[in-house]
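>>> kindly generate the corresponding structure for this input.
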Amino acid sequence: MAVDLAKVSLWLVTLAKDHALTFVDHALRHGDSLVGLSRTQIEAFHWNADAPRFQAGFETMRVRQHVTKVAELRGRIREADESISNIELHDLWNEAQVEVGEVRLFADLVLAAFFGGEKPREREIKRTEYAGQVVRGEAGHYRGWLDDRRYSEIPLAPFHWEIEFPEVFDRRNPGFDAIVGNPPFAGKNSMVAANVNGYPEWLKHLHEESHGNADLVAHFFRRAFYLIREGGAFGLIATNTIAQGDTRSTGLRWICEHSGEIFAARKRVKWPGLAAVVVSVLHVMKGRFLGSRRLDGREVGMITAFLFHRGGHEDPARLAVNNDKSFVGSYVLGMGFTFDDTDKKGVATSLAEMQRLIDKDAHNQEVIFPYIGGEEINASPTHAHHRYVINFGEMSEEEARRWPDLMAIVEEKVKPGRMLNNREVRKKYWWRFGESTPALFAAIAGLKGVLVISRVGQQAAFALVRTRMVYSDSLIVFPVPSYAAFCSLQSRPHEIWARFFASSMKDDLRYTPSDCFETFAFPENWQAHPDLETAGKAYYEFRAALTVRNNEGLTKTYNRFHDPDEADSEIIKLRELHAAMDRAVLDTYGWSDISTHCAFTLDYEIDEEEWGDKKKPWRYRWPDDVRDEVLVRLLELNVERAKEEARSGAAAANKGSKKGTAKRSSAASTTEDLFA
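Next up is the predicted model:
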């Protein structure tokens, strides 16, 4: 339908009323731009371009003969003058299509084999079967079946660019001069639902170093880059996350590291019309671009894969100095371990029963720990826990049975579910947590408290809590309990880094240590710098008193913090103290030229009419240009630190080391809160 509309549009725009509507048939084609084979792959009858040529060259020659004939016929159509009638042009086109059809049959069969198997061995069996049919001259039997798949509800409609446009790829500098387009945007789940089985696997095969979580649009960028000639260019509309996360790494990062140059980009463009969609518009050249580059209307020296005006294209490196300073909490895997009066599923044991067991045998208290997760950190004004959990640590079953009352609970409420688990280790050690965290226990040994953040949440809010607790896997734990460390983590430089490199959905931050913490280049002496300690202490103590005084947790407090209509003097004071933390951190970096001025800005675009009376996603933050400048400097600092570690051998030593394991003391601790 799109092709037919394009024909009508071209016919009307050119006012070519003396020509039939079909005069552009040879130039307008349709199919799945991402699913198709090259000439080399077709000649090999394989999706791997380096596979041995098929049938000792016989079928290769057949493919080449057909493609040569197609190129000749298409050339005659393109060069036809007014003396050639529409009927003659139509006959030439039909003849060309017959020739293309012979080659397309082979190519479609190869792809049918790929998509027909879930594993490499299954695919290879099918490919061998189809190859045998080709050799016996019986491949034509599959035409009807392939056509049915091409036009089914979820189609497999390959488009083999090099045989559809042989004149483009047979020239000395093969490829298109230019490509323009508005490709579809689709996340992993949407992409899987809309396409045939095996589609994500095909994309990862098609584009090396691509990620399964990348938005579909990144693959259109890669495909366009492949299809243009050296010195050619493409301009595509993209999702506004094109320069972030796995999408950036799959698309722009790879392109920029393989002789591509972004020469123009607009990062946030409102879609014309009523739809509340914000897109990015990018122009990329294959090879060296000699003109001026423009980023959001400004002339710049370069445009990186991050869509920044300075820096590199590669992912930030994990820094050895940050090793063993961030941990995901314990994955308990079985609420039968817990004592919790708020459990509505009836799996947890009551707190009254827990107390009865402790009164019965004080020995039981040794393996019962307070249990805290992201909800308690964000909702409770004091980060108070309300649950407890049985924790046998790394004990053997024999050791754990020294607590028969508690082992009976776990055996009744946890073991049955564990026996159904697919992972053998979880069945074998059913009395232990699903994922043990010995390295975390080792890191916090001897500490009175730790810093934590909820793995998922709207607000990037850090808090200090005491040890001798079990931290849920919904928490990230940092064994760096100082106000200076809090200041460094809670400040906006770290927040914008985390929001940029973590996965997110709208304004929800998913804090992953490997992406957010281990790559972050902290200021020097960030855990003990006196200026950071002072600023962090002032902010933390004021915030802690404020949450208690208002009986509001961190989520509600920061909702007010980011509300443009909130004029409460204490919230204003909190904003000022946050700016003071930012100033202290920036000055520690030596970046005194960066302003800490903030403004209320929507985190993402919304449809005002559809949004209605809901609270808008405001955030009190730095302007985009300040945020981007700080990100550029942090990326440059990451590169510098990584090089220093490589020179000193720290990175290699870190790679070869293993996180330590600690034996947890079975004696009950009486540690006090870190901050009174």
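
>>> in stretch 158-171, what counts as buried?
158-166, 168-169 (16 or more other C-beta atoms under 10 Å). Where you see a C-beta, it was placed from the backbone N, CA and C, and this is true even at glycine.

>>> what's the answer for stretch 369-388, then?
Neighbour-count burial for stretch 369-388 [16+ other C-beta under 10 Å]: 369-378, 380-381, 383, 385, 387-388.

>>> and the two most separated of these?
Phe369 and Pro381 (22.3 Å; C-beta to C-beta).

>>> tell me the spacing between Asp4 and His30.
Going from Asp4 to His30 by C-beta to C-beta, to the nearest Å gives 10 Å.

>>> flag the shaky bits of this structure, pLDDT-wise.
Within the chain, the stretches with pLDDT under 70 are 15-23, 51-61, 273-276, 503-507, 650-676.

>>> how's it carved up into domains?
Domain segmentation of the chain under automatic domain parsing yields 20-170, 172-315, 327-606+614-646.

>>> Leu10: which of these is closest?
Using C-beta to C-beta, the nearest of the domains of the chain to Leu10 is domain 20-170, at 5.7 Å.

>>> can you map out the helices along the stretch 551-676 of the chain?
554-561, 569-589, 608-611, 624-648, 650-656 (DSSP state H, counting those that start in this stretch).

>>> how about those helices in CSV, adding distance to Arg432?
Listed next are the helices of the stretch 551-676 of the chain as CSV, based on distance: least, C-beta to C-beta, whole Å:
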stretch, distance to Arg432
helix 554-561, 31
helix 569-589, 40
helix 608-611, 47
helix 624-648, 35
helix 650-656, 28
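
>>> scan the chain for its longest helix.
With secondary structure taken from DSSP state H, the chain has its longest helix at helix 86-115.

>>> distance between the next helix-or-strand element following that one and the chain's centre?
Downstream of helix 86-115, the first helix or strand assigned by DSSP states H and E is helix 120-135. The chain centroid and the centroid of helix 120-135 are separated by 35 Å under C-alpha atoms, centre = their mean, to the nearest Å.

>>> with stretch 381-395 instead?
Using C-alpha atoms, centre = their mean, the offset of stretch 381-395 from its chain centre is 31 Å.

>>> can you check stretch 160-169 too?
Using C-alpha atoms, centre = their mean, the offset of stretch 160-169 from its chain centre is 33 Å.

>>> same check on stretch 223-239?
On C-alpha atoms, centre = their mean, the centre of stretch 223-239 falls 22 Å from that of its chain.

>>> OK, contacts around Leu357?
364, 405-406 (C-beta atoms under 8 Å, 6 or more residues apart in numbering).

>>> what's the closest of those residues to Gly449?
Asn364 (25.5 Å).

>>> could you find the closest non-adjacent residue to that closest one?
Leaving aside its chain neighbours, Asn364 sits nearest to Leu357 (4.9 Å; criterion: C-beta to C-beta, 6 or more residues apart in numbering).

>>> gap between that neighbour and Arg432?
20 Å.

>>> Ser85: how many residues sit nearby?
Residues within reach of Ser85, counting by other C-beta atoms under 10 Å, total 11.

>>> now it: how far from Val279?
Per C-beta to C-beta, Ser85 is found 45 Å from Val279.

>>> please apply the same query to Glu411.
Distance from Glu411 to Val279, by C-beta to C-beta: 56 Å.

>>> who's more crowded, the two?
Val279 (21 against 16).

>>> helix, strand or coil for the more buried one?
strand (DSSP: H, G, I helix; E, B strand; the rest coil).

>>> same question for the one 4 residues further on.
Classification of His283 by three-state DSSP places it in strand.

>>> next, count neighbours for it.
20.

>>> picking up where we left off before, mind telling me what element the residue nearest to Asn364 is part of?
Going by DSSP H and E, Leu357 is part of helix 351-360.

>>> what comes up buried for that helix?
Neighbour-count burial for helix 351-360 [16+ other C-beta under 10 Å]: 354, 357-358.

>>> so which of those residues would you say is closest to Leu634?
The nearest one, if we look at the buried residues of helix 351-360 relative to Leu634 and count by C-beta to C-beta, is Met354, at 46.3 Å.

>>> so who does the closest residue to the closest one other than its chain neighbours touch?
Distance criterion C-beta to C-beta, 6+ apart; nearest residue to Met354, sequence neighbours excluded, is Phe339 at 4.0 Å. Neighbour list for Phe339: 348-351, 353-354, 368, 387-389 [criterion: C-beta under 8 Å, 6+ apart].

>>> next, format those residues as a markdown table and append distance to Pro174.
Below are the contacts of Phe339 laid out as a markdown table (distance: C-beta to C-beta, whole Å):
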| residue | distance to Pro174 |
| --- | --- |
| Ala348 | 65 |
| Thr349 | 70 |
| Ser350 | 73 |
| Leu351 | 73 |
| Glu353 | 75 |
| Met354 | 73 |
| Ile368 | 70 |
| Arg387 | 64 |
| Tyr388 | 68 |
| Val389 | 63 |
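
>>> now flag whichever of these is closest to Glu605.
Nearest to Glu605 among those: Arg387, at 39.2 Å, using C-beta to C-beta.

>>> can you pull the contacts of the closest one?
Contacts of Arg387 (C-beta under 8 Å, 6+ apart): 338-340, 342, 348, 370-372.

>>> closest to Glu208 among the residues you listed?
Nearest to Glu208 among these is Ile372, at 43.1 Å by C-beta to C-beta.

>>> from what I see, that closest one and His383 are in contact.
Yes: at 7.3 Å, Ile372 counts as touching His383 under the criterion of C-beta atoms under 8 Å.

>>> identify the contacts common to these two.
Val465.

>>> about what we covered before: partners of the helix or strand just after the helix holding Leu357 in the sheet?
For helix 351-360, the succeeding helix or strand toward the C-terminus, using DSSP H and E, is strand 368-372. Within its sheet, strand 368-372 is paired with strand 387-390 (antiparallel), strand 470-471 (parallel), according to DSSP bridges.

>>> quick one: those strands as JSON lines, columns for distance to Ile594 too.
Listed next are the strands paired with strand 368-372 as JSON lines, based on distance: least, C-beta to C-beta, whole Å:
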{"stretch": "strand 387-390", "distance to Ile594": "43"}
{"stretch": "strand 470-471", "distance to Ile594": "34"}
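
>>> so for Val217, which of the ones you listed sits nearest?
Checking the strands paired with strand 368-372 against Val217 by C-beta to C-beta gives strand 470-471 as the closest, at 37.5 Å.

>>> how distant is that closest one from the center of its chain?
Relative to the centre of its chain, strand 470-471 is centred 27 Å away, using C-alpha atoms, centre = their mean.

>>> all helices of the stretch 201-350 of the chain, in order?
Using DSSP H, counting those that start in this stretch, helices in the stretch 201-350 of the chain cover 216-227, 245-248, 254-256.

>>> pull out the buried residues from the second one.
Spelled out, it's helix 245-248. 245-248.

>>> mind putting the domains of the chain into TSV with distance to Val8?
Below are the domains of the chain laid out as TSV (distance: least, C-beta to C-beta, whole Å):
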stretch	distance to Val8
domain 20-170	7
domain 172-315	19
domain 327-606+614-646	33
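
>>> those domains: which one's closest to Leu12?
Closest to Leu12 of those, according to C-beta to C-beta: domain 20-170, at 10.1 Å.

>>> and Arg641, how many neighbours does it have?
Neighbours around Arg641, by other C-beta under 10 Å: 22.

>>> ok, Arg293 touching Leu307?
No: with contacts counted by C-beta under 8 Å, Arg293 stays clear of Leu307, the gap being 11.4 Å.

>>> looking at the two, which is more packed in?
Per other C-beta under 10 Å, whichever of Arg293 and Leu307 has more neighbours is Leu307, with 21 against 18.

>>> give me the nearest residue to the more buried one, chain neighbours excluded.
Here the residue nearest Leu307, using C-beta to C-beta, 6+ apart, is Ala243, at 4.2 Å.

>>> repeat that for Ile179.
Nearest one to Ile179, counting by C-beta to C-beta, 6+ apart, is Phe234 at 3.9 Å.

>>> Lys286 versus that neighbour, what's the distance?
8 Å.

>>> who touches both of those two?
Counting by C-beta under 8 Å, 6+ apart, the residues touching both Phe234 and Lys286 are 225, 228.
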